[in-house]
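Undergrad: let's see this in three dimensions:
(one chain, ligands or ions: 1)
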Amino acid sequence: MPGTILVGTQWGDEGKGKATDLLADKMDIVARYQGGNNAGHTVMVAGRTFKLHLVPSGVLYPHITTVIGDGVVVDPGVLLAELAALEAQGISTVGLKLSANAHLIMPWHKERDKLAERYLGRNRIGTTGRGIGPAYADKVARLGIRVQDLLDPKILLQKVEVVLRERNPLLAKVYNRLPFDAEAVVEEYMTYAEALRPRIADTSLFLWKALRDGKQVLFEGAQATMLDVDHGTYPFVTSSSPVAGGALAGTGVGPREIERVIGIAKAYTTRVGSGPLPTEVQGPEAEVLREQGAEFGTTTGRARRCGWLDTVVLRYAARVNGLTDLFITKLDVLSAFDRIPVATAYRIDGEVTGDWPLTQTEVHHAEPVFEWFEGWREDISGVTSYGDLPRAARSYVEATEKLCSVPVSAVFVGPGREQTLLRERTAGGR
Ligand code: IMP
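TA: Residues are numbered from 1 along each chain as shown. So this is what the prediction gives:
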C-alpha cells in the first residue's frame with residue numbers, strides 16, 4: 001500500500017509544502033487532488049524559496065512525477081504561467097500530467113466569484129476570487145468544461161455556447177455585465193490547448209499502474225479539513241473536499257492503496273477569510289503570532305487571523321481523515337510567549353464538550369476552554385534533534401499528541417529543511 005495522504009488539519013496554511021519536502025526523497029509521484037490556484041504552497045529547497053499555487057510541490061524534485069488529478073479545477077492560463085516561471089527558475093516541468101477529467105476555470109467563473117462576493121456584502125465568504133467556487137458549482141450542475149474538451153475545438157465551442165446561452169442573460173440582466181463571446185473564449189482556450197496537449201492523460205490509470213509497480217505516491221491536499229465543503233465550517237469553506245476521502249475521489253484511486261494519512265497542524269491556528277475561529281486572539285498577542293509566523297497569505301497577501309492551538313479541531317480532523325500521524329509545524333513561533341493556552345474543549349451555552357459541535361449556531365456560540373502551558377522563552381530554531389528541545393516545548397508537543405490521540409512524528413522549528421525534528425512513529429495512539 002504505497003499511498004500517503006497529506007492533509008491540513010486546520011484552516012489551511014499549516015505548512016504542507018515543507019511536509020512534502022520532508023517526504024520527497026521517498027516519493028516517486030506527487031498528485032494534487034482538489035482545489036485550484038486558490039492554494040499557496042511555500043517550499044524552500046536548497047536555500048531557494050518557491051511559491052506554488054496549482055502545480056504540485058513535488059515538481060521541485062527531479063525524480064518525482066507530478067499529477068494534477070481529476071478533482072482539481074484548472075485555470076489553464078495560470079497553469080501555463082506557473083510552469084513557465086518554474087522553467088525560468090531552472091525547474092523542469094515536462095513530467096507533469098494533467099487529468100483529462102479535471103474541470104477548467106472559465107472567464108465567467110472568475111467574474112461570478114467576484115460578483116457573488118460583492119452581492120453577499122457582509123455575509124461574504126472572503127474567497128480568493130479565483131473562480132474556484134463557481135467552477136465547482138458548474139461541475140456539479142453539469143455545465144462544466146473539462147480539460148479533455150480542449151482536445152476537440154468543435155466540442156469545446158458547442159459546450160461553451162450551451163453554457164453561455166444560460167449564463168450570458170444572467171450576467172447582463174441581473175449583474176449588468178457584458179456578455180461573453182463564445183468564439184473569442186474558444187480562441188483563447190485553444191491557445192492553451194496547444195501548450196497543454198502533451199500533458200493531458202488518464203491520470204487515474206497512470207496512478208493505478210504506478211501503485212501496482214510499488215511506486216510511492218503522495219496525495220497532496222490543498223486548503224484543509226475545516227475548509228472542506230462537507231466537513232468544514234460551511235458556508236465559510238472552499239468548494240472542494242480537502243479531507244483524506246477527497247484524495248481518492250479526486251484522483252480515481254481506491255482506499256486500499258493508502259497506508260498513511262499525515263495531518264499537518266500548525267502549533268497555533270490561523271485562517272484567512274470569514275467564518276468561525278473559536279480560539280481567535282486579538283490585539284498584541286495576535287500581532288506577535290502574525291509577525292513571528294509571517295502570517296500573510298501566499299495567494300492573496302491578506303493578513304491571516306490568528307488563534308491558539310485548538311485540539312477540538314485537531315481531534316475532529318483526526319477522526320474525519322483517519323490520521324495515522326501528525327506533523328506539528330512552526331513550533332518556534334511560540335517561543336515568544338511566557339504561557340501558551342491550548343483549547344481542550346468548548347463551552348457552549350453552559351455545557352462543556354470536547355467534540356466539534358453539531359450545528360453552525362453552536363460553533364458560533366463556542367467559547368474555548370483553555371489549558372495553559374509553560375512557555376520556553378528561548379530560540380529553538382537551531383535545535384536539530386527532538387530530545388534537545390527545552391522540556392516545556394516537548395511537554396507542549398506531547399500534550400497535543402495526548403489530547404488528539406495521534407502520534408506526532410515530526411516537529412518543525414523553522415522553514416529550512418534542517419529545521420525538522422523527527423520522532424519515532426509510535427504504534428497505537430489512534
Ligand atoms: P475559495 O477557495 O477561493 O472559494 O475561498 C473560500 C475560502 O477558503 C476563503 O475563506 C479562503 O480564504 C479560503 N481558502 C482558499 N484557499 C486557501 C488556502 O490555500 N489557504 C487558506 N485559506 C484558503
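
Undergrad: for whatever residue of the stretch 1-150 of the chain ends up closest to the ligand, give me its contacts.
TA: Closest to the ligand within the stretch 1-150 of the chain is residue 12: 2.8 Å, counting by Cβ to the nearest ligand atom. Bear in mind the C-beta positions are built from the backbone N, C-alpha and C, glycine included. Each residue near residue 12 by Cβ atoms under 8 Å, 6 or more residues apart in numbering is listed here: 39, 222-224, 227, 270-272.

Undergrad: report pLDDT for whichever residue of the chain sits closest to the ligand.
TA: Closest to the ligand within the chain is residue 273: 2.2 Å, counting by Cβ to the nearest ligand atom. Looking at residue 273, its pLDDT is 89.

Undergrad: ditto for residue 284
TA: pLDDT at residue 284 comes out at 94.

Undergrad: ok, so what distance separates it from residue 291?
TA: 10 Å (Cβ to Cβ, to the nearest Å).

Undergrad: who's more crowded, those two?
TA: When neighbours are counted by other Cβ atoms under 10 Å, residue 284 and residue 291 differ, and residue 291 comes out ahead with 13 against 8.

Undergrad: show the subsequent helix or strand relative to the helix or strand in which that one is found.
TA: For residue 291, the host element (DSSP states H and E) is helix 284-292. Remark: after helix 284-292, the chain's next helix or strand is strand 305-307, criterion DSSP H and E.

Undergrad: for the stretch 301-430 of the chain, which segments count as helices?
TA: 311-321, 360-365, 391-404 (DSSP state H, counting those that start in this stretch).

Undergrad: would you mark the buried spots in the longest one?
TA: The one in question is helix 391-404. By neighbour count on 16 or more other Cβ atoms under 10 Å, the buried set for helix 391-404 is 392-394, 396-397, 399-401, 403-404.

Undergrad: what about the residue of the chain positioned farthest from its centre, which SS state?
TA: In the chain, the greatest distance from the average C-alpha position (Cα atoms, centre = their mean) is reached by residue 173, at 35.7 Å. Using DSSP: H, G, I helix; E, B strand; the rest coil, the structure places residue 173 in helix.

Undergrad: turn the buried residues of helix 391-404 into JSON lines, including distance to the ligand and pLDDT.
TA: Formatted as JSON lines, the buried residues of helix 391-404 follow (distance: Cβ to the nearest ligand atom, whole Å; pLDDT from 0 to 100):
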{"residue": "392", "distance to the ligand": "30", "pLDDT": "98"}
{"residue": "393", "distance to the ligand": "26", "pLDDT": "98"}
{"residue": "394", "distance to the ligand": "29", "pLDDT": "98"}
{"residue": "396", "distance to the ligand": "24", "pLDDT": "98"}
{"residue": "397", "distance to the ligand": "24", "pLDDT": "98"}
{"residue": "399", "distance to the ligand": "26", "pLDDT": "97"}
{"residue": "400", "distance to the ligand": "21", "pLDDT": "97"}
{"residue": "401", "distance to the ligand": "25", "pLDDT": "97"}
{"residue": "403", "distance to the ligand": "24", "pLDDT": "97"}
{"residue": "404", "distance to the ligand": "21", "pLDDT": "96"}
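
Undergrad: which residues of this protein lie near the ligand?
TA: Selection of the chain residues close to the ligand by Cβ under 6 Å from any ligand atom yields 12-13, 38-40, 125-128, 130, 132-133, 222-223, 227, 236, 238-239, 272-273.

Undergrad: sort out for me which of the residues you listed are in helices.
TA: 132-133 (DSSP state H).

Undergrad: got the phi/psi numbers for the residue nearest to residue 414 when sequence neighbours are not counted?
TA: Nearest residue to residue 414, sequence neighbours excluded (Cβ to Cβ, 6 or more residues apart in numbering): residue 381, at 4.4 Å. With angles defined as degrees, to the nearest 10, residue 381 sits at phi -70, psi -20.

Undergrad: quick one on the thing from earlier: can you pull the contacts of the residue of the chain closest to the ligand?
TA: 125-127, 236, 302.

Undergrad: returning to that earlier point: overlap in contacts of residue 284 and residue 291?
TA: Counting by Cβ under 8 Å, 6+ apart, nothing touches both residue 284 and residue 291.

Undergrad: got the helices of the stretch 301-430 of the chain as JSON lines, with distance to residue 296 columns?
TA: Output for the helices of the stretch 301-430 of the chain, formatted as JSON lines (distance: least, Cβ to Cβ, whole Å):
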{"stretch": "helix 311-321", "distance to residue 296": "22"}
{"stretch": "helix 360-365", "distance to residue 296": "26"}
{"stretch": "helix 391-404", "distance to residue 296": "25"}
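
Undergrad: give me the low-pLDDT residue ranges for this protein?
TA: Within the chain, the set of residues satisfying pLDDT under 70 comprises 1, 425-430.

Undergrad: residues in contact with the lengthiest helix in it: which ones?
TA: In the chain, assigned by DSSP H, the helix with the most residues is helix 153-169. With contacts defined as Cβ under 8 Å, 6+ apart, helix 153-169 is touched by 106, 108, 138, 143, 145, 149-150, 179-180, 182-183, 185-186, 189-190, 193.

Undergrad: next one: stretch 120-131
TA: Contact with stretch 120-131 is made by 36-38, 73, 75, 78, 105-106, 109-114, 117-118, 133, 235-237, 272-275, 299-300, as judged by Cβ under 8 Å, 6+ apart.

Undergrad: and those residues, which of them are buried?
TA: 36-38, 73, 75, 78, 105-106, 109-113, 117, 133, 236-237, 272-275, 299.

Undergrad: related to what we said a few turns ago, now for the helix holding residue 291, which elements pack on it?
TA: With contacts taken as 3 or more Cβ pairs under 8 Å, 6 or more residues apart in numbering; DSSP states H and E, helix 284-292 sits against strand 305-307.

Undergrad: quick one: the strand it packs on to chain centroid distance?
TA: Relative to its chain's centre, strand 305-307 lies at 17 Å (Cα atoms, centre = their mean, to the nearest Å).

Undergrad: so residue 326 sits against residue 8, correct?
TA: No: the pair residue 326 / residue 8 is not scored as a contact, 11.4 Å apart, by Cβ atoms under 8 Å.

Undergrad: can you tell me the closest non-neighbouring residue to residue 31?
TA: Residue 31 sits nearest to residue 67 (Cβ to Cβ, 6+ apart), 3.9 Å away.

Undergrad: for the one you found, which three-state class applies?
TA: strand.

Undergrad: burial of it, as a residue count?
TA: Neighbours of residue 67 (other Cβ under 10 Å): 30.

Undergrad: who does it form a beta bridge with?
TA: Residue 67 has these beta-bridge partners by DSSP bridges: residue 31, residue 97.
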